[in-house]
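Novice: next come a sequence and a model predicted from it.
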Amino acid sequence: MRRNGKMKLGVMLWSLGYHEGAWLDPSVPANGGADIDYYAHLAALAEAAAFHFVFVPDSPSVIHEDYATIARVSRSAVLEPITLLSALSSRTQHIGLVGTATTTYHQPYHLARMFASLDHLSRGRAAWNIVTSGFKSEAANFGDKELPDHGSRYARAREFVEVVKGLWDTWEDDAFIRDKQTGIFADTTKLHVLNHRGDCLSVRGPLNIARPPQGYPVLVQAGASDTGIRFAAEVAEVVFTAAPSLELGKRYYATVKEKSRALGRDDQVLVMPGIVPIVGRTKQEASEKLKKLQSYTHIDVQIGTANRLLGSVTDLRSVNLDSLVPETLPETNFTKSRQNLLLDLAASHKLTWRQLIRMASDSLGHLMVVGTPDEIADVMVDAFDQHAADGFNVLPATFPDGLKDFIELVVPELRRRGKFRSRYSGQTLRENLGLERPLNQFTCRQV
């Protein structure tokens, strides 16, 4: 896969916008997060701009713990990703559809079947964002008192992904011949029963749906801890990450590429950090947009968000907000990488708790660029040219206006510089991303 000088772009459809205060903005429809027409409109905007994919994040829980925060955030009323993307598959033609699903609280057969179905419905545009669960709130929804430990979650995830790929391969591409003359619907010589027995999972198979059009839906992952990076290098084809500075982005990019290269996969792994663009025709206009969003964000929401991102290991309501953030906090079993990232930022910039809490609320640890289209394009092109990114997962602060601003103001500047395409070049998401279609593992063994 050659970079060909052009970056990949996706957009995260997180409810009403990436900023915690988005839903209070007068331009944002407060009930949009439950409205298919709202999501279809956002997907249509991204598709018209030739974005590679839309991405729906998820947690099977109300992610905040305290009611003071829950009362003021919009994240507790969101649609389930695969259901939403299945609906969007009939309202779009070209754009990829990336859905999040956890390996900790699903079974492989369920997810293999659902993502295969989405790939068929969309004619080859599905992708699975593989997560291992990172929120304390998820465990009790599935009969557990606590999340399994970090290492155990990743051990299950590795086996889980291999099982899902095996299930997608249980029928060869041309197994369903549907011959009315002979009365033969399926050629069973092209059927392969998985019969998996592993440390975490036991799955017989076969899958009761044809092999996906893409072979496998594109595999996406966002590991940033040491364990997560190893997992991403092993299985991911697109890697999401938080890289709030160029140097952090270059370091992460080099690490992932080095580890994937050692596994013979470097040319099939795209690194796409998140970017929160606050776009204005002037720097002052952009700054005013951010200030307005900050004014909508209650301190309970800011503290609740920071507490969650830091792994729920300290009571931020009892700290002196004007004291410096300590260099270390108790280790978390939840979002380890995001805790480390925020602590590193606090140390390098000598941030107080108040400043870190505000930063976490604004960007959730991602790169936030507040400025003109030229300034935002400069940052993106610099990261791309210096091998800190193969593209970006765009996180508009508000919908729909934040996405419109990016498309109308930044995308033309990226195209003027020859860094982003103007149309789709392939039929499937794999083709548009420049990723190979995987061979069937069972037929490979026979050769």
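Specialist: Yes, it's here.
Novice: wait, what's in contact with the residue nearest to residue 88 when sequence neighbours are not counted?
Specialist: Counting by Cβ to Cβ, 6 or more residues apart in numbering, the nearest residue to residue 88 once its immediate chain neighbours are dropped is residue 43, at 5.2 Å. Placement of C-beta: from N, CA and C, glycine included. Residue 43 sits next to 13, 54, 88, 91, 92, 95 when contact means Cβ atoms under 8 Å, 6 or more residues apart in numbering.
Novice: from residue 50, how far out is the last one?
Specialist: Counting by Cβ to Cβ, to the nearest Å, the separation of residue 95 from residue 50 is 8 Å.
Novice: settle it for me: which of the two has more neighbours?
Specialist: Regarding residue 95 and residue 50, a neighbour count based on other Cβ atoms under 10 Å identifies residue 95 as having more, with 26 against 19.
Novice: correct me if wrong: the more buried one contacts residue 49.
Specialist: No - Residue 95 is beyond contact range of residue 49, at 9.4 Å (criterion: Cβ atoms under 8 Å).
Novice: and stretch 312-320, C-alpha only, in CSV?
Specialist: Taking Å, rounded to 0.1, in the frame of the first residue of the first chain, the C-alpha atoms of stretch 312-320 are listed here in CSV:
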residue,chain,number,x,y,z
SER,A,312,-11.4,6.8,37.9
VAL,A,313,-8.5,6.6,40.4
THR,A,314,-8.8,9.9,42.2
ASP,A,315,-11.6,12.1,43.5
LEU,A,316,-11.2,15.2,41.4
ARG,A,317,-13.9,17.0,43.3
SER,A,318,-11.7,17.1,46.4
VAL,A,319,-8.4,18.3,44.9
ASN,A,320,-7.1,21.8,44.9
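Novice: just checking the distance from it to the centre of its chain.
Specialist: 28 Å (Cα atoms, centre = their mean, to the nearest Å).
Novice: buried sites along that stretch?
Specialist: Buried positions in stretch 312-320, judged by neighbour count with 16 or more other Cβ atoms under 10 Å: 312, 314, 316, 319.
Novice: what's the farthest-apart pair in the residues you listed?
Specialist: For the buried residues of stretch 312-320, the farthest-apart pair by Cβ to Cβ is 312 and 319; their separation is 14.1 Å.
Novice: the biggest helix by length in the chain packs against which elements?
Specialist: Secondary structure of the chain per DSSP state H: the longest helix is helix 150-168. Packing contacts for helix 150-168, counted by 3 or more Cβ pairs under 8 Å, 6 or more residues apart in numbering; DSSP states H and E, involve helix 108-121, strand 196-197, strand 202-203, helix 226-235.
Novice: only C-alpha atoms, please: export that helix in CSV.
Specialist: Backbone C-alpha positions of helix 150-168 (Å, rounded to 0.1, in the frame of the first residue of the first chain) are rendered in CSV as follows:
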residue,chain,number,x,y,z
HIS,A,150,-6.1,-5.3,31.2
GLY,A,151,-3.9,-8.2,30.1
SER,A,152,-6.7,-10.7,30.2
ARG,A,153,-8.9,-8.5,28.0
TYR,A,154,-6.3,-8.3,25.3
ALA,A,155,-5.6,-12.1,25.5
ARG,A,156,-9.3,-12.7,24.8
ALA,A,157,-9.3,-10.1,22.1
ARG,A,158,-6.5,-11.8,20.2
GLU,A,159,-8.2,-15.1,20.2
PHE,A,160,-11.6,-13.5,19.5
VAL,A,161,-10.3,-11.8,16.3
GLU,A,162,-8.7,-15.0,15.0
VAL,A,163,-12.0,-16.8,15.6
VAL,A,164,-14.0,-14.1,13.8
LYS,A,165,-11.7,-14.3,10.8
GLY,A,166,-12.0,-18.0,10.9
LEU,A,167,-15.8,-17.8,10.8
TRP,A,168,-15.7,-15.3,7.9
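Novice: give me the contacts around that helix.
Specialist: Against helix 150-168 from outside (Cβ under 8 Å, 6+ apart): 103-104, 108-109, 111-113, 115-116, 130, 132-133, 147-148, 194, 196, 198-201, 203, 205-207, 211-212, 215-216, 219, 223, 225, 227-228, 231, 234-235, 333, 336, 438, 441.
Novice: and these, which are buried?
Specialist: Neighbour-count burial (16+ other Cβ under 10 Å) is assigned, among those, to 103-104, 108-109, 111-113, 115-116, 130, 132-133, 147-148, 194, 196, 201, 203, 205-207, 211-212, 215-216, 219, 223, 225, 227-228, 231, 234-235, 333, 336, 438.
Novice: what sits against the residue nearest to residue 325 when sequence neighbours are not counted?
Specialist: Leaving aside its sequence neighbours, residue 325 sits nearest to residue 346 (Cβ to Cβ, 6+ apart; 3.8 Å). Neighbour list for residue 346: 324, 325, 355, 356 [criterion: Cβ under 8 Å, 6+ apart].
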